[in-house]
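**Student:** Sequence and predicted structure, then a few things I'm wondering about:
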Amino acid sequence: MRIITLLLTAFVLLGCSQDENAVGQKEPVDLSHDYFSFANTDQFVTEHINLNLTVDFDLKQLSGLVTLKMRRLDPSASHIILDTRDLHIDGILIGDPGSAGKEATFEFTRQHPKLGQALDIRLPDGLDEQRELLVEIHYKTDPTASALQWLPRELTAGGDHPFMFSQSQSIHARSWVPLQDTPSVRITYEATIHTPADLLAVMSADNDPLTPRDGEYHFNMPQAIPSYLLAIAVGNIYFAPIGKDTGIYAEPEVLDAAVFEFASTQQMLDTAASIYGPYQWGRYDLLILPPSFPFGGMENPRLSFITPSVLAGDQSLVSLIAHELAHSWSGNLVSNKTWRDIWLNEGITSYLDARLMEVLYGKDRADEERVLSYRELLQGLEEVAPAMQALAPVENIDDPDASQGSVHYAKGQLFLQHLENIFGRETFDPFLAAYFKHFEFQSISSEQFLDYLDQNLLTEYPGKFSRAQAEEWLYQPGLPADTPVPFSETLDQAERMAVSWAAGEVPVDDIPLRSWSPQAAVHFFNSLPVDLSEAQLSALDNGFGISQTRNAEIGRAWFTQVATRRFLPAYSAMEAFLNLNGRIRLIYPVYIALANNGQDAELAHEIFNKARENYHPLTNTRIEQGLSKPE
């Protein structure tokens, strides 16, 4: 019997609302349902939304209305349930497309610390026969909205204008729009955004590089997207082109540096389209955000949001751009149906971005990044509970932002690399292109992927790889015995150099750190033996100026070592690094290393409390969770 048969009868430990029996046991849960959403999507489904919002920096608030065009699936349904978090609802009108709306009664129900509040709306009388409904909701966001960060002018690059941006993934769109906040529902949208006249608004829609800066901006997204791809930013933003379909939005102080750093974006776009099928989103532009952006990038369609921490000055960290661009196929075009299936977004994308890096920058560079990803996965598997090590886990927790660490990235990448190795690129590339075409503009489950894989690859080439082997990747913890292990000769050399230098066999001046790639430097630091002396660390830091590096990935690796080893001469530089960067990946491991080195737990809290005003709410939540764990 296939593993999937067991999945459909599994009991899931849920933190969100589910019916319980008299003794408090959970009822069985259909794993195809998005248990991170309250919305009754089996009765109503949203097809289009229209936003009209005013941006108020003084109040840290978006205010206005959203109109949801909904289709009733269940003729007997009389309540619409939407997802919200800390929204202030001023009134709701419901009608059909051909008549004025009627006032609807509503209440917040099912409060949950992670999922927010269900907005239960009762349909007004007289709409029993209507299949299409317009739901007009007048509302305001809260200053603490988890998706929005309101930056004062002093925390921006120019220091003269404030900045606001959103981060809706995974379940944070509900904190700035009341809607069905689940990737299983795809919507088109329009928006009118009112801002201070000297600022520019951009969205995950059809941004016009030539739009006048007049304080009123209009957007249209004609392709259907999941709610987590709703995105907005407002600030002193300007545009510069890269190629015919690509360009950069950024504050003027970083615009030129970004244009240089990401000059290969158009080539990436063209290369990806040649392998995996047409790019279907019109333009592909990048928005460079202030340092507080909590992630490396966010694949908002037509406009990826990018951290400035990859502005290394030497184009050495552009794999991040390859990753966000690849999401235009795996994630945006074909999306995960629920957050249990997120590997379909991140794992496939990680495989695609490695392929793009190989084409554009060579196999050696791509292999270095594959090895680092693999090493991080091995470390992550030591920290993630076995039940959550599966690509499509059976169990669930109550927070999709803290579910699997990076397992769904790196393990998913290895799964696809394994398939490529078995079937060959000449077969696997057309398979992936056909997969994207078959499911375009749909949200699918892991089981739909498995069935498609079985029908269109495994049975086409019998005897090479079985469905049972694929199910092991999807549903079992750890890594299968035949997992492909990436190798990089340059990283292997860096590792040997770390051991030789630490043993006194090589003088510090003979370490070719300056000629190495940043990836090799990171691997060198991660390979240093645990018993290094402070004198050795000082010689290394003084010889190469590591504590002053502008490469954020080198900084992450180095300052994690600094904190772990209590290398006190670099503590002031470490604190400066933690204050400068707000990207979770960069600073979280440094805080945790500091808290767990046996002497500096109090210092970790002290530095965090000073820096937290510079961070996004998602960053603060993640670090708080990490620092609250026992050693």
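**Tutor:** Thanks, I have it. Numbers count the residues shown, from 1 in each chain.

**Student:** count of neighbours near Lys60?
**Tutor:** By the criterion of other C-beta atoms under 10 Å, Lys60 has 17 neighbours. Quick note: C-beta positions are derived from backbone N, CA and C, even for glycine.

**Student:** tell me the pLDDT at it?
**Tutor:** Listed pLDDT for Lys60 reads 98.

**Student:** Ramachandran coordinates for it?
**Tutor:** phi 50, psi 60 (degrees, to the nearest 10).

**Student:** got it, and Ala240?
**Tutor:** Dihedral pair for Ala240: phi -140, psi 140, per degrees, to the nearest 10.

**Student:** give me every residue that touches it.
**Tutor:** Going by C-beta atoms under 8 Å, 6 or more residues apart in numbering, Ala240 touches Gly247, Ile248, Ala250, Leu255, Asp256, Ala258, Val259.

**Student:** Farthest-apart pair in the residues you listed, please.
**Tutor:** Gly247 and Asp256 (13.1 Å; C-beta to C-beta).

**Student:** one step back: I'd like to know which of the contacts of Ala240 are buried.
**Tutor:** For those, a burial check counting by 16 or more other C-beta atoms under 10 Å picks out Gly247, Ile248, Ala250, Leu255, Ala258, Val259.

**Student:** bridging residues for the nearest residue to the third one once chain neighbours are set aside?
**Tutor:** When the adjacent residues along the chain are set aside, Ala250 lies closest to Ile288, with 3.9 Å between them (C-beta to C-beta, 6 or more residues apart in numbering). Here Ile288 sits in beta bridges with Ile306, going by DSSP bridges.

**Student:** What degree of burial does Thr105 show, as a neighbour count?
**Tutor:** Residues within reach of Thr105, counting by other C-beta under 10 Å, total 10.

**Student:** Test my guess that it contacts Asp125.
**Tutor:** No. The pair Thr105 and Asp125 does not pass the contact test of C-beta atoms under 8 Å, sitting 10.9 Å apart.

**Student:** Now do the shared contacts for those two.
**Tutor:** Between them, Thr105 and Asp125 share no contacting residue under C-beta under 8 Å, 6+ apart.

**Student:** so where's the chain shaky on pLDDT?
**Tutor:** Counting by pLDDT under 70, the chain shows low-confidence ranges at 1-32, 395-399, 401-403, 630-631.

**Student:** What distance do you get for the spatially most central residue of it to Trp150?
**Tutor:** Most central in the chain under C-alpha atoms, centre = their mean is Met298, positioned 5.4 Å from the mean C-alpha point. Going from Met298 to Trp150 by C-beta to C-beta, to the nearest Å gives 18 Å.

**Student:** cool, and Phe431?
**Tutor:** 45 Å.

**Student:** For His218, give the beta-bridge partners.
**Tutor:** Beta-bridge pairing of His218 under DSSP bridges involves Thr192.

**Student:** Does Trp516 touch Ser488 like I think?
**Tutor:** No. In this structure, Trp516 is not within contact of Ser488 by C-beta under 8 Å, at 11.6 Å.

**Student:** Between these two, point out the one with more neighbours.
**Tutor:** The residue with more neighbours, out of Trp516 and Ser488 and counting by other C-beta under 10 Å, is Ser488; that gives 24 against 19.

**Student:** So that one is in contact with Tyr374, correct?
**Tutor:** No. Using C-beta under 8 Å as the test, Ser488 is too far from Tyr374 to be in contact (9.9 Å).

**Student:** Tell me, how many residues neighbour Asn345?
**Tutor:** For Asn345, using other C-beta under 10 Å, the count is 25.

**Student:** Using PDB, write down the CA coordinates of the strand or helix carrying it.
**Tutor:** Counting by DSSP states H and E, the element that carries Asn345 is helix 343-361. Backbone C-alpha positions of helix 343-361 (Å, rounded to 0.1, in the frame of the first residue of the first chain) are rendered in PDB as follows:
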ATOM      1  CA  TRP A 343       8.900  22.400  -1.000                       C
ATOM      2  CA  LEU A 344       7.200  22.600  -4.400                       C
ATOM      3  CA  ASN A 345       8.100  26.300  -4.300                       C
ATOM      4  CA  GLU A 346      11.400  26.400  -2.600                       C
ATOM      5  CA  GLY A 347      12.900  23.000  -3.400                       C
ATOM      6  CA  ILE A 348      12.300  23.200  -7.100                       C
ATOM      7  CA  THR A 349      13.400  26.800  -7.200                       C
ATOM      8  CA  SER A 350      16.600  25.900  -5.400                       C
ATOM      9  CA  TYR A 351      17.300  23.300  -8.100                       C
ATOM     10  CA  LEU A 352      16.500  25.900 -10.800                       C
ATOM     11  CA  ASP A 353      18.700  28.600  -9.400                       C
ATOM     12  CA  ALA A 354      21.700  26.200  -9.200                       C
ATOM     13  CA  ARG A 355      21.100  25.400 -12.900                       C
ATOM     14  CA  LEU A 356      21.000  29.100 -13.800                       C
ATOM     15  CA  MET A 357      24.200  29.800 -11.900                       C
ATOM     16  CA  GLU A 358      25.900  27.000 -13.700                       C
ATOM     17  CA  VAL A 359      25.000  28.300 -17.100                       C
ATOM     18  CA  LEU A 360      25.900  31.900 -16.300                       C
ATOM     19  CA  TYR A 361      28.900  31.600 -13.900                       C
END
